[in-house]
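# here is a sequence with its predicted model. Questions after.
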Amino acid sequence: MSVVLKGVIKDYPLGASMVRALRGIDLTISEGEFTTIAGPSGCGKSTLLNLIGCMDVATSGTVSIEGKVTNALSDKEQTTLRLNTLGFIFQSFNLVPVLSVYQNVELPLLLQGGLSAGERSKRISELLEQVGLTNKAKNRSHELSGGQRQRVAIARALVTQPKIVLADEPTANLDSETGKNIIELMRTLNSKQKTTFIFSSHDPKVIEHARRIVRLQDGRVIEDVRK
Amino acid sequence: MWTFFLVALRNLIQARRRTLLLGSAIAFVSLLLLLLLSISKGVSDRLIEASTLTSTGHVNVAGFYKQRANSATPLITDREKIRSLVQENISGLALVTDRARGWGRLIGSGGSFNTGLNGLILEESAFLKEVKLAEQSEYKKDGANKVLGKIENFGARNTILIFAGQAKKLGVDVGDTLTFITEANGGQANSVDLTVAAIARDMGFLSNFSVFVPRQTVLDLDRRGSDTTGAVWVYLKDIRRANEVRLQLENVFRKAGYTLLEHDPRPFFIKFQKIVGQDWRGLRLDLTTWDDEVSFINWIVTSLNGLSVFLVIILGLIIATGIANSMWMTVRERTKEIGTLRAIGMQKAQVRTLFMIEAALLGLFGALAGCVLGLVLISALNTAQIPINNSGLRVFLMTDVVKLSLQPVHLVGALLFLPALTALAAFYPSLKASQMPPVQALNQGK
Ligand SMILES: Nc1ncnc2c1ncn2[C@@H]1O[C@H](COP(=O)(O)OP(=O)(O)OP(=O)(O)O)[C@@H](O)[C@H]1O
Ligand SMILES: [Mg+2]
């Protein structure tokens, strides 16, 4: 099992009181699944992805990644887990502006260490080819369109060959045609490797591409369907 | 690591205006730092130069002779033997000479003062080779811009060489006659008339303390034997060995049967009273180094250094504040980037390093620019030979033209100190950047 959530509750402090963003989530996602977390704004999608992504800690309940309970990990261990096991794709792409496309994709490998320059170059070239950006390797992110930037971000998320890729509204900043292409690209990469993809969206056109749809409302799972 | 440098460098280029502004400030501080250091070093170099020409060797074998209690003469016997003991036992010698010493009052037509009398051995005197003569206008109101005497005229029987400041006080010119009266211990005063052969340019502070006559004049004045002298002066090829050689010589003279005074790092004229009060008879040797002899004016160098340190601390604080501020801005602007980097697996410590490298690079570039400017400016100042007209300043700076000594170690120091300072100043903002929770950092940028 790739991701297992048991009785996950998440409260946020809001002034003197608390906002309960997640009200007891039980969810299991298997290796290689292509899952959407769907639901209206404020239902808790981002909160859920952040907990799976070891970016935040649940108020109660447990989150396990690849069989490891992440609640009790130190910041350093969580960071290492993010580096080696998880890949992140963001709504607004979040490329490092001063680095080229190639250097952005290379960054996680450099943080990992271990690969020679030649091995890195081979892996990055392959990925850039798969996302169709071979000829943009030397460009900076401001020279790219939104769709192209998101493809760089996908390459960056996949370069370490993570077990799980998390994407919070990856198409929200793209027009629907480009958004569709991005989801299709993710789908292709998902079926080629056995990488687990979990992405959130509230766009019905995007959601229909998913193999499994987990619907949230008010911090609860109200529907879980597989196609 | 290379990527960290690249990211830091490119971010500096990105924030061009801020980088230029802060970089120039750092460059200015490093320039000032170099200037201060080279002025300080310049003054202490000039001090060594002037003192080892006029008033001390690198190592001195001097001493006191006590004929009875309550008296002391700064005089040593066995001059020949002491000189050859030095020659035979010390390596790396540049020159061994000696100076006869007298003390008394010098009287001219316009004034008088008490002074030490230096009896030079002409052919052994580095001072006579190096000394620059003053133009008449330097010591006489409405005087000509012309040197009157000749250094070759000095050396004949009963000639004297004085400094411009002294000539002014005495109201004399080249060719005039002065009278020197000793204050002999027995109450009987000896005196001699001396012809001013040449008037030298002031050499700062030290030119107040001595006048120069041929050795024989001093011996005649006090009716001393030719095997006596004031002090044997030892010049080394490397002045840094001075203290080591002093210690060697202590052993040499002890073995040769001399009694030595306990080392007292002060000039001989300050020790005089102390010796007078002591209860022994005969000759005791007193070995000193050049810095013992000029210790009484070391405060000039010390206070210059103190002033430099003070200025550098103030400027350093200003720079550090500027850097810290700028880093806060950078961190705020790049909050989302920090969140992203943390999300994709950058450790806290690495985030810290990233920002500190950025600050250190800024410091390095600023320091480099400052060093280049400093090198150009200092060599230009030295080449220009700018005269120092203020006599007060001349006294402190020990020179009549602007002369700065820039050492390679100063450059290296500036190039290390400033980046270290800027990196340190960036530490706290970097720490805060690394401690931001990744989710919050990511959301703030939205
Ligand atoms: N840092 C926070 N502090 C306080 N409340 C928060 C915080 N983050 C989220 N919330 C609240 O938790 C609930 C769930 O938020 P979350 O961002 O997970 O929703 P979402 O489904 O991602 O919405 P959107 O589609 O708008 O991104 C919301 O009511 C939100 O106001
Ligand atoms: Mg959200």
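Received the coordinates, thanks. Ligands and ions are numbered 1, 2, ... in the order given.
# confirm B:Tyr258 sits in a strand?
No: B:Tyr258: not assigned to a strand; according to DSSP: H, G, I helix; E, B strand; the rest coil it is coil.
# check the stretch 51-200 of chain B for the residue nearest ligand 1 and tell me.
B:Ser51 (72.4 Å; CB to the nearest ligand atom). All C-beta atoms are positioned from the backbone trio N, CA, C, and that covers glycine.
# could you tell me whether that residue really is in a helix?
Yes: according to three-state DSSP, B:Ser51 belongs to a helix.
# measure the closest residue in space to it that isn't next to it in sequence to B:Ala50 for me?
Nearest residue to B:Ser51, sequence neighbours excluded (CB to CB, 6 or more residues apart in numbering or on different chains): B:Val294, at 4.5 Å. Going from B:Val294 to B:Ala50 by CB to CB, to the nearest Å gives 9 Å.
# shared neighbours of the two, anything?
Residues touching both B:Val294 and B:Ala50 by CB atoms under 8 Å, 6 or more residues apart in numbering or on different chains: B:Leu206.
# what segments of chain A are helices?
Ranges of helices within chain A are A:45-52, A:75-84, A:101-112, A:117-130, A:146-158, A:176-192, A:204-207, based on DSSP state H.
# who does the most centrally placed residue in chain A bridge with?
Taking CA atoms, centre = their mean, the centroid of chain A lies closest to A:Leu166, which sits 1.5 Å from it. As for beta bridges, A:Leu166 partners with A:Phe88, A:Ile198 under DSSP bridges.
# I'd say it and A:Ser46 touch.
No: contact criterion CB atoms under 8 Å: A:Leu166 and A:Ser46 do not qualify, at 10.5 Å.
# list the contacts for residue 195?
Assuming you mean chain A. For A:Thr195, the contacting residues are A:32, A:87, A:158, A:161-165, A:189, by CB under 8 Å, 6+ apart.
# wrong chain, I was asking about chain B
By CB under 8 Å, 6+ apart, the residues touching B:Thr195 are B:158-160, B:175-178.
# so what does it look like in phi/psi?
The phi/psi pair for B:Thr195 (degrees, to the nearest 10) reads phi -100, psi 130.
# for chain A, give the residue positioned nearest to chain B.
Relative to chain B, the nearest point of chain A is A:Leu83 (2.5 Å; CB to the nearest CB).
# single out the residue in the stretch 151-300 of chain B that lies closest to ligand 1.
For the stretch 151-300 of chain B, CB to the nearest ligand atom, closest residue to ligand 1: B:Trp299, 63.5 Å.
# give the buried residues for the helix or strand where that residue lies.
Taking DSSP states H and E as the criterion, B:Trp299 maps to helix B:298-333. The neighbour-count check on helix B:298-333 (16 or more other CB atoms under 10 Å in any protein chain shown) flags B:300-301, B:304-305, B:308, B:312, B:315-316, B:319-320, B:322-324, B:326-327, B:330-331 as buried.
# by contact count, what packs against that helix?
Here helix B:298-333 touches helix B:16-54, helix B:348-384, helix B:408-425, helix B:427-435, going by 3 or more CB pairs under 8 Å, 6 or more residues apart in numbering or on different chains; DSSP states H and E.
# still on that earlier bit, contacts only, for the residue nearest to B:Ser51.
B:Val294 sits next to B:47, B:51, B:55-56, B:206, B:267 when contact means CB under 8 Å, 6+ apart.
# one more pass at 10 Å, please.
Going by CB atoms under 10 Å, 6 or more residues apart in numbering or on different chains, B:Val294 touches B:44, B:47-48, B:50-52, B:55-56, B:205-206, B:267, B:300-301.
# for B:Ala231, same thing?
Contacts of B:Ala231 by CB under 10 Å, 6+ apart are B:56-57, B:60-63, B:74-76, B:79, B:82, B:97-101, B:268, B:285-288, B:293.
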